[in-house]
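Novice: just need the structure, nothing else, for what follows:
(one chain, ligands or ions: 1)
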Amino acid sequence: MTDVLPWLIPLIVVVVLGAVAAYVLPRTRRDAQQPPAVDRPAVAEQPAAGAVAEHETPLPDDDAGPSPVEARVASPIEHPEPAAGRLVRLRDRLARSGSPLGARLLAVLSRDHLTEDDWDELEETLLLADVGAGPAGELIDALRTRVRVQGVSDPAAVRTMLREELIALVDPTMDRTLHTDGAEPGTPGVVLVVGVNGTGKTTTVGKLARVLVAEGKAVVLGAADTFRAAAADQLQTWGSRVGVPTVRADRDGADPAAVAFDAVKQGKADGVDVVLVDTAGRLQNKAGLMDELGKITRVVTREAPLTEVLLVLDATTGQNGMQQARVFGEVAGVTGIVLTKLDGTAKGGIVVAVQRALGVPVKLVGLGEGPDDLAPFDAAQFVDGILG
Ligand SMILES: Nc1nc2c(ncn2[C@@H]2O[C@H](COP(=O)(O)OP(=O)(O)OP(=O)(O)O)[C@@H](O)[C@H]2O)c(=O)[nH]1
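Specialist: Numbering: from 1, shown residues only. Sure thing, here's the model as predicted:
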């Protein structure tokens, strides 16, 4: 035994050292490869002297609010297709959901001699599709007059008339341009996305970022939904797929106005084309949340003018969306409507009703949960989708 000891002890030391090295070294290397969790932007500056003093809406830096952080996530970058022409998918989606609107209208109109009951049935069909009483009555009157005056009974001709009247009702003259160009030199376009809970705001911001990237635009996302913990992660995931950074708060429940402000500030500093700001879902009867929305609008405007305020409405909620639309219109100065989940309803008439209620156009529609299921709205394509 004493003969073995002199070489056994060094051997044990070598084996132990080897085991320790095998455990520690790979961990150290792995840690060195990890990107930092977050990348803090410069501390937000005060706006220029002379900016409007507003005691009830302190500037983000005065808020003891969050210090928003910008997260850039490295992952394979996707190259989405441009959005033009996507609305044709509506026909397929509606066909799958058994769109009764177009089918029922055409079934009645193809009858030989249209009676009073037939016209009532047509009007009822339009009402069931959420067109709204006023517009439904207008369409029936216009169609009735044309059918009578022109003495048309051929189903194909009646169908053409119906198509024309529906297009007129949806109003092809409305300007549906999405305003994403900066309103002033050196400022990005700023798009604020608002609406009640679960309508699809975050999803829409993510899809819209893809549309803009497909157009070759540089985009920054602002995760001003600090109310729902997972919303910022959800948004960041959308952005990272197309190489778009997300400015977010470093803690839940932070001041959303501060995050929105920092996102726009960051976008301006980076010289991007568009900043898209997601906000928390809010009920139109919750005064505090609606005040908060007003504050976001005012604070963001100090950094750059808002170029578009999009109200996201869930098409499946039908007429309930009308009251929401009106209140948001008053508080947030809505300039365009995004109607989501149009794939999940046969009641496309809500397009007409909501445009009438707000006097602003539907600019985009959601046609599904897929990343590229957001389509620019077009009156004729929409009606063709409904009529099948
Ligand atoms: N079928 C369908 N689902 C959609 C569409 N747009 C959004 N969704 C789904 O609607 C659900 C809610 O979407 P979110 O984007 O989380 O809604 P949100 O308005 O941000 O929600 P809050 O932050 O809670 O207010 C998700 O499951 C989306 O996939 C659409 O056009 N069609």
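
Novice: would you map the strands across the stretch 251-388 of the chain?
Specialist: 274-279, 308-314, 336-340, 362-366, 374-376 (DSSP state E, counting those that start in this stretch).

Novice: contacts for the shortest one next, please.
Specialist: Under the contact criterion C-beta atoms under 8 Å, 6 or more residues apart in numbering, strand 374-376 has outside partners 83-84, 86-87, 89-90, 176, 178, 204, 207-208, 210-211, 338, 363-367. Quick note: C-beta positions are derived from backbone N, CA and C, even for glycine.

Novice: name the strands paired with that strand and say parallel or antiparallel.
Specialist: strand 362-366 (antiparallel) (DSSP bridges).

Novice: do the partner strand and the ligand come into contact?
Specialist: Yes: applying C-beta under 6 Å from any ligand atom, one finds strand 362-366 touching the ligand at G366.

Novice: swap in stretch 334-349?
Specialist: Yes: shown here: stretch 334-349 in contact with the ligand (C-beta under 6 Å from any ligand atom) through T340, K341, D343, G344.

Novice: most neighbours, which of those?
Specialist: T340 (27 neighbours; other C-beta atoms under 10 Å).

Novice: which residues does that one contact?
Specialist: Contacts of T340 (C-beta under 8 Å, 6+ apart): T199, G200, T203, T204, V312, L313, D314, A315, V365, G366.

Novice: P82 versus that one, what's the distance?
Specialist: 20 Å (C-beta to C-beta, to the nearest Å).

Novice: before we move on, the earlier item: can I get the contacts of T340 in TSV including pLDDT, neighbour count and distance to P256?
Specialist: Formatted as TSV, the contacts of T340 follow (pLDDT from 0 to 100; neighbours: other C-beta atoms under 10 Å; distance: C-beta to C-beta, whole Å):
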residue	pLDDT	neighbour count	distance to P256
T199	92	26	17
G200	95	23	18
T203	96	21	18
T204	97	22	17
V312	95	27	16
L313	92	29	21
D314	91	23	21
A315	90	27	26
V365	94	26	26
G366	94	25	23
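
Novice: need the winner for burial among the strands of the stretch 251-388 of the chain.
Specialist: Greatest average neighbour count among the strands of the stretch 251-388 of the chain goes to strand 274-279 (a mean of 30), per mean count of other C-beta atoms under 10 Å.

Novice: got the angle for that one vs strand 308-314?
Specialist: 40 degrees (axes from the mean of the first three to the mean of the last three C-alpha atoms, to 10 degrees).

Novice: now strand 274-279 - C-alpha only, PDB.
Specialist: In PDB, the C-alpha atoms belonging to strand 274-279 read as follows (Å, rounded to 0.1, in the frame of the first residue of the first chain):
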ATOM      1  CA  VAL A 274     -43.500  54.200 -37.800                       C
ATOM      2  CA  VAL A 275     -44.100  53.700 -34.100                       C
ATOM      3  CA  LEU A 276     -47.000  51.400 -33.200                       C
ATOM      4  CA  VAL A 277     -48.300  51.700 -29.700                       C
ATOM      5  CA  ASP A 278     -50.400  48.900 -28.200                       C
ATOM      6  CA  THR A 279     -52.700  49.900 -25.200                       C
END
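
Novice: OK, contacts around the spatially most central residue of the chain?
Specialist: For the chain, the residue lying nearest the average C-alpha position, counting by C-alpha atoms, centre = their mean, turns out to be T204 (2.4 Å). Contact analysis of T204 by C-beta under 8 Å, 6+ apart lists V193, L310, V312, V338, T340, L364, G366, L374.

Novice: likewise for S110?
Specialist: Counting by C-beta under 8 Å, 6+ apart, S110 has contacts P155, V158, R159.
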